[in-house]
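**Student:** pasting the sequence and the predicted model now:
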Amino acid sequence: MQQKSKVFVGLDTSKLKISVAVAEDGRQGEIRFLGEIDNTPEAMRRLVHKLASRHSELLFCYEAGPTGYGLQRQIAALGHECAVIAPSLIPKRPGERVKTNRRDALTLARLHRAGELTAIWVPDPGHEAVRELVRAREAAMADL
């Protein structure tokens, strides 16, 4: 049963797992941790379809990092918005030093709903290939 609602989905990604949290639209909307899924295209596809069956609009976000832009491209291909967030621009409270996947996913969902996150430009596959070529050349020149 699909509700006419917007939901903000925070993803904390790692090499093997993705922690998932959702924040319902509105100032008093519930924020909850859904759990962890495997970091595979099939698991993400299942999650997106499950959430899409319950909500009319899904807005995803995750921190930029070593996992790359494949997740953003997959979610966009499934027809949903996905912002890649600059980690250095995520607002942090003073004294907030404990880092857990669950807490990070909840924070991303909450801040995404509040509009307090800064998205970065996501290069297309062509730009990304040129970047990798330039980095490989620079590494080869440094080795020389």
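**Tutor:** Now that the structure is in, tell me what you want to look at.
**Student:** you'd agree Gln28 is in a strand?
**Tutor:** No: Gln28: not assigned to a strand; according to DSSP: H, G, I helix; E, B strand; the rest coil it is coil.
**Student:** which stretches in the protein count as helices?
**Tutor:** 41-54, 70-77, 101-114, 125-143 (DSSP state H).
**Student:** ranking those by burial, who's on top?
**Tutor:** helix 101-114 (a mean of 20; mean count of other C-beta atoms under 10 Å). Where C-beta positions appear, they are placed from N, C-alpha and C, glycine not excepted.
**Student:** touching it from outside, list them.
**Tutor:** 8-12, 14, 17, 19-23, 25, 29, 31, 33, 36, 59, 61-63, 83, 85, 90-91, 117 (C-beta atoms under 8 Å, 6 or more residues apart in numbering).
**Student:** try 7 Å
**Tutor:** 8-12, 14, 19-23, 29, 31, 33, 59, 61-62, 85, 90-91, 117 (C-beta atoms under 7 Å, 6 or more residues apart in numbering).
**Student:** just to revisit the earlier point, can I get the helices of the chain in JSON lines including mean pLDDT?
**Tutor:** Below are those laid out as JSON lines (pLDDT from 0 to 100):
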{"stretch": "helix 41-54", "mean pLDDT": "96"}
{"stretch": "helix 70-77", "mean pLDDT": "94"}
{"stretch": "helix 101-114", "mean pLDDT": "94"}
{"stretch": "helix 125-143", "mean pLDDT": "91"}
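**Student:** need those helices in JSON lines (columns: distance to Gly95).
**Tutor:** Output for these, formatted as JSON lines (distance: least, C-beta to C-beta, whole Å):
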{"stretch": "helix 41-54", "distance to Gly95": "32"}
{"stretch": "helix 70-77", "distance to Gly95": "30"}
{"stretch": "helix 101-114", "distance to Gly95": "13"}
{"stretch": "helix 125-143", "distance to Gly95": "36"}
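**Student:** returning to that earlier point: pull out the buried residues from the contacts of helix 101-114.
**Tutor:** 8-12, 19-23, 29, 31, 33, 59, 61-62, 85, 117 (16 or more other C-beta atoms under 10 Å).
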